[in-house]
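# Okay, here's the prediction I keep looking at, along with the sequence it came from:
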Amino acid sequence: MDPAVCPPGSDPVSDPHDPSQVTRRSVLAGAAGLAVGPLLSGCTAPPIPPAPHAEGEAPPRPMPVPSARAAVKVNLRINGQTHAAELEPRVTLLDALREHLHLTGTKKGCDHGQCGACTVLVDGRRINSCLTLAIMHQNADITTIEGLAHGDQLHPVQAAFIEHDAFQCGYCTPGQICSAVGLIHEDTRRPTTTSAKG
Ligand code: FES
């Protein structure tokens, strides 16, 4: 047997079910061993055999995999203006807005789709810009907090936030406002009970 391949079912740590062996120290050591054990002991996954091909035929060449790090040209229509940028395909819409196009009104909170600070409108629908890739929105109309006001005239939701002192710390206010604007749009697009009945 290849000594570099772990035998099936092998366990690099001592038996955790033997109460005589289990201590807090051994549990922690066992967890660390599980994480790095295969690396330290040289264990590797068994090699995947090549796909069979007919005798005399050249073996199929592996498909080129596009690099997630190679920048590509991307055009984004944001607040009615087209922005050209060279972005790696893995760049999120949030990072494209903030880091590449310097539209910093959209905020990064959790970066995991949980807080909503990064909410923008894409074709009128609210989305978490930290959970979507910029390259996916090349034909869309993107609206950020910077695009809601018309010059000095605030969007009614922005004005309402000021009038009713709706801020908390203010960090996620742009996301809250974009979300509210999207919600109102969604509500006006929803068929009423009468129209749904025909
Ligand atoms: S940054 Fe929190 S949901 Fe996107």
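Arrived safely, thanks for sending. Residues are numbered from 1 along each chain as shown.
# C-alpha from now on. contacts and neighbour counts both.
Will do.
# At which residues are the strands of the chain located?
Taking DSSP state E, the strands of the chain run over residues 72-78, 81-87, 119-122, 125-128, 141-143.
# domain ranges for this structure?
Following the assignment in automatic domain parsing, the chain carries domains at 1-44, 92-189.
# If you average pLDDT over each of these, which is lowest?
Lowest mean pLDDT within the domains of the chain: domain 1-44, a mean of 49.
# which residues touch Cys118?
Cys118 is in contact with 94, 106-109, 128-130, 172, 174-175, counting by C-alpha atoms under 8 Å, 6 or more residues apart in numbering.
# swap the cut-off to 7 Å and go again
Contact partners of Cys118, counting by C-alpha atoms under 7 Å, 6 or more residues apart in numbering, are 94, 106-108, 128-130, 175.
# near the ligand, from those?
108, 128-130 (C-alpha under 6 Å from any ligand atom).
# which of these tops the neighbour count?
Ser129 (28 neighbours; other C-alpha atoms under 10 Å).
# Report how many residues lie close to Gln176.
23.
# same deal with Ala134?
23.
# roughly how far apart are the residue nearest to it when sequence neighbours are not counted and the ligand?
Among residues not flanking Ala134 along the chain, Leu93 sits closest, at 4.0 Å (C-alpha to C-alpha, 6 or more residues apart in numbering). Counting by C-alpha to the nearest ligand atom, to the nearest Å, the separation of Leu93 from the ligand is 10 Å.
# for Ile127, which residues make a bridge with it?
Counting by DSSP bridges, Ile127 is bridged to Val120.
# thinking it is in contact with Ala117, fair?
No: between Ile127 and Ala117 there is no contact under C-alpha atoms under 7 Å: 10.4 Å.
# So which of the two has more stuff around it?
Ranked by neighbour count (other C-alpha under 10 Å), Ile127 and Ala117 place Ala117 first, with 26 against 20.
# what sits against the more buried one?
Contacts of Ala117 (C-alpha under 7 Å, 6+ apart): 107-109, 172, 174-176.
# Apply 10 Å and report the result again.
The neighbours of Ala117, taking C-alpha atoms under 10 Å, 6 or more residues apart in numbering as the test, are 105-111, 128-130, 171-179.
# and the gap between it and the ligand?
Ala117 is 5 Å from the ligand, by C-alpha to the nearest ligand atom.
# how near is that residue to Gln158?
Computed as C-alpha to C-alpha, to the nearest Å, the Ala117 to Gln158 distance reads 15 Å.
# residues touching Arg61, list them.
Taking C-alpha under 10 Å, 6+ apart as the definition, Arg61 has no contacts.
# Enumerate the residues of this structure near the ligand.
Checking the chain against the ligand by C-alpha under 6 Å from any ligand atom, the hits are 108-118, 128-130.
# Isn't the residue nearest to Ala134 up against Leu133?
Yes: between Leu93 and Leu133 there is a contact at 5.2 Å, judged by C-alpha atoms under 10 Å.
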